[in-house]
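> quick one, what's the 3D model for this:
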Amino acid sequence: MLIDFDESIMLIAAFFWIIIILFLKIKYKKSYVYLFFFTIFFIYLCNVLKYTQFPIILDGEMKKDIGQNVWGDANFIPFNPDYFAIKTSLLNILLTIPFGFGLPFISKVSFKKIAVLGFLLGVFIEILQLIIALMVGFTTRYVDVNDIIFNFSGVLLGYGVFKLFLKSFKFLIKKNNIELNSFLKFILNSHS
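Next up, the predicted model:
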């Protein structure tokens, strides 16, 4: 038996999305453009959970077949050659670039804040994997400090891309004297 990111999980996520959107619109009077960017970021976070936590295998027979030890297979030593893999490291960076790029569209962030949030994102993903592994009794995912390092790097890279994008965007608007609609104004006023 396994729990996968299927229709039932997507319905739960959609329910939470509706509640959050209504709260943001009614309580904080957020614009539709803001809600659009928030929705994109919410979908991204759902996909991060999908790819880092699912499927959750609950089959006792698989536990015997896989035989991984939750603590024995964890890596707490950065860049340990026994656990270090270039492909996994690059995937962890790619996974979190959208976090660093997208968060400034929905929240005021400084470099310090984005660095802290990037670190916490990596820690959250790994701790959640550890908790699931401890609850199930085995793991199909490795808890690895390198993942935290590369998730953090991806967030910082994404934030750097955001800063370059915003600077280029402002330059193009000014150079071409483009008239701004609400969507373009929102992008232009994205805070960092």
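> contacts only, for residue 164.
Applying Cβ atoms under 8 Å, 6 or more residues apart in numbering to residue 164 gives no contacts. C-beta coordinates here come from the backbone N, C-alpha and C atoms, glycine included.
> also the one 5 residues further on?
In this structure, residue 169 makes contact with 187-188, judged by Cβ under 8 Å, 6+ apart.
> against residue 180, how distant is it?
Distance, residue 169 to residue 180, by Cβ to Cβ, to the nearest Å: 11 Å.
> what's the overlap in contacts for those two?
With Cβ under 8 Å, 6+ apart as the test, residue 169 and residue 180 both reach residue 188.
> the residue nearest to residue 96 when sequence neighbours are not counted: neighbour count?
Once flanking residues are discounted, residue 96 sits nearest to residue 154: 3.3 Å by Cβ to Cβ, 6 or more residues apart in numbering. Residues within reach of residue 154, counting by other Cβ atoms under 10 Å, total 26.
> same check, this time on residue 165
Neighbour count for residue 165, taken as other Cβ under 10 Å: 14.
> show me the strands in the protein, by range?
Along the chain, the segments classed as strands by DSSP state E run 2-3, 56-57.
> pick the most deeply packed of those strands.
strand 56-57 (a mean of 18; mean count of other Cβ atoms under 10 Å).
> burial of residue 79, as a residue count?
Close neighbours of residue 79, defined as other Cβ under 10 Å, add up to 11.
> not counting its own residues, what contacts stretch 177-187?
Stretch 177-187 is touched from outside by 31, 33-34, 37, 105, 166, 169, 172-173, 188, with contacts defined as Cβ under 8 Å, 6+ apart.
> tell me which of the residues you listed is nearest to residue 19?
Using Cβ to Cβ, residue 34 comes nearest to residue 19 of the contacts of stretch 177-187, at 16.5 Å.
> tell me which residues touch that closest one, please.
Per Cβ under 8 Å, 6+ apart, neighbours of residue 34: 24, 106, 186.
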